[in-house]
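Novice: everything below, folded, please.
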Amino acid sequence: MIKTTIKAITIFLISAFTLPVWSQEAPVVLDSPATHAELLKARELAGDDKYLKITQLLQCRDTGANGMPTQPGGNREFQVATQLFDNLYFIGNESVATFILTTPDGYIMIDAGWADYPYKFLMPGFAELGLDPALVQYILITHTGPDHVGGAKYFQDKYGTRVVMSEEEWRRMEGRDPIGRDVSAGLPEEYLQYIGNPIADLTPADGHEIVLGGTVVTMMSTPRRVNGGGFSYMFRVTDNGVPHIFSTYGNTNIVGELEDKYLYRESIANFIEYTEDAGADVIISDHPFVDGSLMRIGELSERQAGEANPFVVGKDYVQRFIAILDQCAVVAIARHEEGLDFTGTQRLD
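Specialist: Residues are numbered from 1 along each chain as shown. Sure thing, here's the model as predicted:
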C-alpha cells in the first residue's frame, strides 16, 4: 500500500513552485526570430500540461507570467518523506531529492543531498518511513554537485555503503575542499565527523548495471560538461504489484560553454535511446522544482483505491519530457551563438 506522510502533504500546500525571479524589472528578450521559433517549439512540446510547463519554463529560462526569466530554485527547509511505489521511496524537499530503491538484499540510493542532509532529512526520513539506513548497499551519484554528493561520506563511513560515480566525477573531487563546511554549523559532533568527500570507490561505464536482490539498475552516461561526467538511472518499480520502468535524468541544468551545450544534447540522445528501448513510463527529476514532482506527491497522497499512480505518465509522455530538455538545449545553443546569455536578455560582450 502506498503511503504519503503528512509532511509531504504540508510541503505540497506550502510550496506554490514559485521560482526566484531574475531581477526586479522585466528585461527585454533579445532573441532573433530564428531563436524565438526554437523557443516556440519547446512551448508547443509542453502544451497545456502544467508539469511540462514547469520544466519548459525553467529549462529554456523562458519568461513566466511576471515577465521574468525562470531560474532554478526550491525550498530546502521542509522535509518530504514518502513512498512513491511499492519498492521506491523519496526523501527530500523542493530543491533536491534522494530516492531509495528497496530490494530483498538491501537498498540502492540515488544521490545523498547536501552534507547536512543525513542529520536534517535523511535519518529522520528513514525513521519516518520505517527504513533502515544500514541496509543502503549502494549510493548512485548523478554528479558531484554538493547538493547530490554531500551526504555520501556519512553512509560510506558509517555503514560501509559503496559510492558509485563516473570516473570523470571522481577526478573532479580530487583536491576539492571538503564538501559540507558551509553547512556544518550547528551539526552535532556525531555528524561533523562525516563532513567531507567520499573516498573514490566504484567507477562504472555507460550501460553498466548494478544488480541487488534481483533488481537491475541501468546506468546511463549523461555528462553536461566537456571533461566532466555524470549518470542517469533507470530500473523497474512496481505499483501495487504492476511493473513500470522508472527513469531519472541526472544533469537537467544546462551550463557552461558552447561545446558543453552541444555535449548536453549528446547526453540527452543517449538517455533517449536507453529509455525508449526499455519502455520507460515513469520519469522524475532529482530536482523537484524542475518537474513539479512535489505537486504529484500531493496528488499521490489523495489517491483512492483503483486510481492510477500520478507518477506513471506513460512512454510517450516520458519521451515528450526528454524532448523538452533537448529543445531547450537547442534554444541555449542558439542564444549562445547569437552572443546572448542563457536567458536571452543580455549580450555576452
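Novice: what about the nearest residue to L39 once chain neighbours are set aside, neighbour count?
Specialist: Leaving out its chain neighbours, the residue that sits closest to L39 by C-beta to C-beta, 6 or more residues apart in numbering is V331, at 5.2 Å. C-betas here are computed from N, CA, C, even on glycine. Here the number of neighbours of V331 (other C-beta atoms under 10 Å) works out to 27.
Novice: can you classify V331 by secondary structure?
Specialist: helix (DSSP: H, G, I helix; E, B strand; the rest coil).
Novice: for it, give its distance to I268.
Specialist: 13 Å (C-beta to C-beta, to the nearest Å).
Novice: try T98
Specialist: T98 is 23 Å from I268, where distance means C-beta to C-beta.
Novice: cool, and T248?
Specialist: Separation of T248 from I268 (C-beta to C-beta): 13 Å.
Novice: the two: who's more crowded?
Specialist: Higher neighbour count among T248 and I268: T248, with 27 against 23, using other C-beta under 10 Å.
Novice: surely P118 touches Y194?
Specialist: Yes: P118 is within contact range of Y194, at 7.1 Å (criterion: C-beta atoms under 8 Å).
Novice: now do the shared contacts for these two.
Specialist: Y154 (C-beta atoms under 8 Å, 6 or more residues apart in numbering).
Novice: more neighbours, those two?
Specialist: Neighbours of P118 and Y194, each counted by other C-beta under 10 Å, are more numerous for P118; the result is 26 against 21.
Novice: residues touching that one, list them.
Specialist: Here P118 is in contact with 112, 151, 154-155, 191, 194 (C-beta under 8 Å, 6+ apart).
Novice: scan those and report the most crowded one.
Specialist: Most surrounded of those: other C-beta under 10 Å gives G151, at 32 neighbours.
Novice: which phi and psi does that residue have?
Specialist: With angles defined as degrees, to the nearest 10, G151 sits at phi -90, psi 0.
Novice: what sits closest to it if chain neighbours are left out?
Specialist: In space, G151 is closest to A112, 3.5 Å off (C-beta to C-beta, 6+ apart).
Novice: S285 too?
Specialist: In this structure, S285 finds its nearest non-sequential neighbour in D291, 4.4 Å apart by C-beta to C-beta, 6+ apart.
Novice: do I have it right that that neighbour meets I54?
Specialist: Yes: at 6.2 Å, D291 counts as touching I54 under the criterion of C-beta under 8 Å.
Novice: part of a strand, is S267?
Specialist: No: per three-state DSSP, S267 lies outside any strand segment and is helix.
Novice: so what's it up against?
Specialist: S267 touches 221-224, 230, 251, counting by C-beta under 8 Å, 6+ apart.
Novice: ok, the strand or helix carrying T238: who's next to it in the sheet?
Specialist: For T238, the enclosing helix or strand under DSSP states H and E is strand 231-239. Partners of strand 231-239 in the sheet, by DSSP bridges, are strand 215-221 (antiparallel), strand 242-248 (antiparallel).
Novice: and it, what's buried?
Specialist: Buried positions in strand 231-239, judged by neighbour count with 16 or more other C-beta atoms under 10 Å: 231-237, 239.
Novice: pLDDT for those residues - can I get that in a markdown table?
Specialist: Converted to a markdown table, the buried residues of strand 231-239 look like this (pLDDT from 0 to 100):
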| residue | pLDDT |
| --- | --- |
| F231 | 97 |
| S232 | 98 |
| Y233 | 98 |
| M234 | 98 |
| F235 | 98 |
| R236 | 98 |
| V237 | 98 |
| D239 | 98 |
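Novice: which of those sits closest to V216?
Specialist: Nearest to V216, judged by C-beta to C-beta, of these is F235 at 6.4 Å.
Novice: excluding covalently adjacent residues, which one is nearest to the closest one?
Specialist: Ranked by C-beta to C-beta, 6+ apart and with sequence neighbours excluded, the top spatial neighbour of F235 is V217, at 4.4 Å.
Novice: from Y249, how far off is the residue lying closest to T35 once chain neighbours are set aside?
Specialist: Distances taken as C-beta to C-beta, 6+ apart put A334 closest to T35, at 4.1 Å, once the chain neighbours are dropped. Using C-beta to C-beta, A334 is found at 21 Å from Y249.
Novice: quick one: which of those two has more around it?
Specialist: Taking other C-beta under 10 Å, A334 and Y249 do not tie; Y249 has more neighbours (27 against 20).
Novice: which residues does the more buried one contact?
Specialist: With C-beta under 8 Å, 6+ apart, Y249 has these contacts: 222, 232, 268, 271, 283, 285-286, 322, 325.
Novice: pLDDT at it, what is it?
Specialist: The model reports Y249 with a pLDDT of 96.
Novice: in helices, which of the contacts of P118 appear?
Specialist: With helices taken from DSSP state H, the overlap with the contacts of P118 comprises 154-155, 191.
Novice: ok, those residues vs L45, which is closest?
Specialist: F155 (37.7 Å).
Novice: torsion angles phi and psi at the closest residue to the closest one other than its chain neighbours?
Specialist: Spatial nearest neighbour of F155, chain neighbours left out: T161 (3.9 Å); criterion: C-beta to C-beta, 6+ apart. Here is the backbone geometry of T161 (degrees, to the nearest 10): phi -60, psi 140.
Novice: next, count neighbours for T161.
Specialist: Based on other C-beta under 10 Å, the number of other residues close to T161 is 26.
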